[in-house]
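Novice: Need coordinates for the below:
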Amino acid sequence: MSTVPPQPTLTDGVVVLRPWRDDDIEVARLAHDEEIARWFGFPAVIPSYEQHADAVHRWREKYADGRSAVNFLIEHDDRPSGTVEVRDAGDHRGELSWALYAGTRGQGVATRAVRLLIRYAFDELGMKRVEARVDPANVRSLRVASRAGLRREGVLRQHETIGGERRDHVILARLSADDEPSQAAGFRAILNAGLPRKRAISQLLVQGPEQRVLLCQLTYKADWDLPGGVVEVGESPAVAVVREVKEELALDLPAHGLLVVDWLPPWSGWDDALCLVFDGGVHDPSIVDAVVLEPREIVSAEFCTATQVRERCRDFTARRIEQALVAVGGTGAEFLHSGVPLPLSDSSD
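Specialist: Predicted coordinates:
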């Protein structure tokens with residue numbers, strides 16, 4: 001005897017999620033369009049009656065089989081408007097999918113339906129995590145996922161073959177313990193997960209006599225650079241540069257102030273980044289004698305003249321160092337684009 005309860009009907013007062021009826025099949029199949037076929041990789045835009053009837057039969061079987069999948073018809077304004085589904089992926093984890101029919105999109109129906117489904121997955125199915133995989137080009141579904149409280153976690157590259165081509169998928173997820181998207185904390189968390197993140201690099205301009213600059217010869221690239229490194233998540237750039245110099249050179253040098261902020265465009269496989277150069281002060285050349293190199297990253301370190309900077313560094317690195325030297329003792333940090341100061345605005349008009 002089955003212990004699975006009858007499939008319920010869910011509503012938020014605007015949208016209804018209910019079990020499929022046989023008289024829904026013809027209306028629903030004729031509401032399919034190119035957008036649904038594109039994202040799901042269906043071979044035909046409009047399925048036959050038999051194909052859609054078979055799908056409804058499979059959904060009913062999966063519900064009866066321990067609710068291994070639960071598919072609801074979305075009803076809005078008393079008419080079939082789409083479908084939502086949650087599949088049991090094991091270990092209290094669910095996989096979500098949804099589709100809206102032509103003429104129903106852009107009215108907030110999908111967001112309401114997915115929110116109802118997520119609440120059902122947590123409260124009735126006992127799931128602790130639900131996730132969705134969305135094509136990066138499917139902007140509409142990405143917005144629905146975010147508005148339903150799913151947080152962006154990353155990209156699965158060429159994750160699945162759909163319609164004969166390998167497609168990337170953005171992975172988005174929500175935990176049962178997450179704040180509701182309608183709450184301030186939940187809304188901030190969703191925004192934080194989806195907004196761009198800029199890589200930050202902190203470097204220290206350490207000078208010797210006659211504006212010689214301490215440079216490091218690196219193991220992972222042929223050109224030389226200022227000491228420093230990548231800022232960790234949640235770490236102050238000023239703290240990061242002191243930490244990096246201590247880890248790489250065993251020198252405990254303070255960062256006195258910010259000299260330049262240099263935007264680095266994408267280059268050689270790296271995403272763009274902001275490089276912040278701090279003033280490390282003027283020191284006796286003998287501090288090099290106290291250097292203990294981190295062998296995985298640093299080959300050598302020495303004070304270099306302006307000519308040697310130009311010879312040993314990439315052009316954009318040399319430009320950044322030269323601008324940092326100009327900024328020492330100035331009134332504020334300079335903002336650069338790949339080592340070049342931004343042009344002054346024309347204030348004559």
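
Novice: Not counting residues beside it along the chain, what's closest to Val242?
Specialist: Distances taken as CB to CB, 6 or more residues apart in numbering place Ala255 nearest to Val242, at 5.6 Å, with adjacent residues excluded. The C-beta positions use only the backbone N, C-alpha and C, and glycine is treated the same way.

Novice: Same question for Thr83.
Specialist: In space, and not counting its chain neighbours, Thr83 is closest to Ala99: 5.5 Å by CB to CB, 6+ apart.

Novice: One more: Asp223?
Specialist: Closest residue to Asp223 in three dimensions, ignoring its sequence neighbours and counting by CB to CB, 6+ apart: Arg314, at 4.8 Å.

Novice: burial measure for the one you found, as a count.
Specialist: Residues lying near Arg314 (other CB atoms under 10 Å) number 16.

Novice: Phi first, then psi, for His32.
Specialist: Here is the backbone geometry of His32 (degrees, to the nearest 10): phi -70, psi 150.

Novice: which residues of the stretch 51-200 of the chain fall in strands?
Specialist: Under the criterion DSSP state E, counting those that start in this stretch, strands of the stretch 51-200 of the chain are mapped to 69-76, 79-88, 93-100, 129-134, 151-162, 165-175, 199-207.

Novice: Among the ones you listed, single out whichever gets nearest to Glu26.
Specialist: Go through the strands of the stretch 51-200 of the chain one by one with CB to CB and the one that ends up closest to Glu26 is strand 79-88, at 9.9 Å.

Novice: re earlier: the residue nearest to Thr83 and Glu85: what is the separation?
Specialist: 9 Å (CB to CB, to the nearest Å).

Novice: Neighbour count: those two, which is higher?
Specialist: For Ala99 versus Glu85, the count of surrounding residues by other CB under 10 Å is larger for Ala99: 21 against 17.

Novice: what's near enough to touch the more buried one?
Specialist: By CB atoms under 8 Å, 6 or more residues apart in numbering, the residues touching Ala99 are Ile36, Trp39, Phe40, Gly82, Thr83.

Novice: Just put those residues in TSV and tack on distance to Ala184, pLDDT and neighbour count.
Specialist: Rendered in TSV, the data for the contacts of Ala99 read as follows (distance: CB to CB, whole Å; pLDDT from 0 to 100; neighbours: other CB atoms under 10 Å):
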residue	distance to Ala184	pLDDT	neighbour count
Ile36	35	94	19
Trp39	32	92	19
Phe40	35	92	12
Gly82	30	97	23
Thr83	32	97	23
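
Novice: Can you convert these into CSV and add a column each for distance to Gly66?
Specialist: Output for the contacts of Ala99, formatted as CSV (distance: CB to CB, whole Å):
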residue, distance to Gly66
Ile36, 28
Trp39, 28
Phe40, 25
Gly82, 25
Thr83, 20
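
Novice: residues contacting Gln107?
Specialist: The contact partners of Gln107, taken as CB under 8 Å, 6+ apart, are His76.

Novice: what's it sitting at in phi/psi?
Specialist: Dihedral angles for Gln107 - degrees, to the nearest 10 - are phi -120, psi 10.

Novice: Can you name the residues bridging to Glu95?
Specialist: With DSSP bridges as the criterion, Glu95 is bridged to Arg87, Glu131.

Novice: Give the burial count for it, as a bare number.
Specialist: Taking other CB under 10 Å as the neighbour definition, Glu95 ends up with a count of 18.

Novice: Now Gln207: closest residue in space that isn't a chain neighbour?
Specialist: Val282 (4.6 Å).

Novice: Could you check how far that neighbour is from Gly329?
Specialist: With distances taken as CB to CB, Val282 is found 11 Å from Gly329.

Novice: Comparing the two, which residue is more hemmed in?
Specialist: A direct count of neighbours by other CB under 10 Å for Val282 and Gly329 places Val282 higher, at 13 against 9.

Novice: Distance of the more buried one relative to Trp224?
Specialist: As judged by CB to CB, Val282 and Trp224 stand 20 Å apart.

Novice: Hmm, Glu302 is touching Leu215, no?
Specialist: Yes - distance between Glu302 and Leu215: 6.7 Å, which falls inside the contact criterion (CB atoms under 8 Å).

Novice: who has more neighbours, those two?
Specialist: Neighbours were counted for Glu302 and for Leu215 using other CB under 10 Å; Leu215 has more, 23 against 17.

Novice: Mind telling me what element the nearest residue to Cys304 once chain neighbours are set aside is part of?
Specialist: If the residues on either side of it in the chain are set aside, Cys304 comes closest to Leu215, at 4.8 Å by CB to CB, 6+ apart. Taking DSSP states H and E as the definition, one finds Leu215 inside strand 213-218.

Novice: So what touches that strand?
Specialist: Taking CB under 8 Å, 6+ apart as the rule, strand 213-218 contacts 204-208, 224-227, 248-249, 280, 288, 297-304, 308-309, 312-313, 321, 325.

Novice: Just the buried positions in that strand, please.
Specialist: Applying a neighbour-count criterion of 16 or more other CB atoms under 10 Å, one finds Val213, Leu214, Leu215, Cys216, Gln217 buried in strand 213-218.

Novice: How far off centre is the next helix or strand after it?
Specialist: Helices and strands here follow DSSP H and E; after strand 213-218, the next one along the chain is strand 224-225. Using CA atoms, centre = their mean, to the nearest Å, the mean C-alpha position of strand 224-225 is found 30 Å from that of the whole chain.

Novice: roughly how far apart are the residue nearest to Asp223 and Trp270?
Specialist: The span separating Arg314 from Trp270 equals 12 Å under the rule CB to CB.
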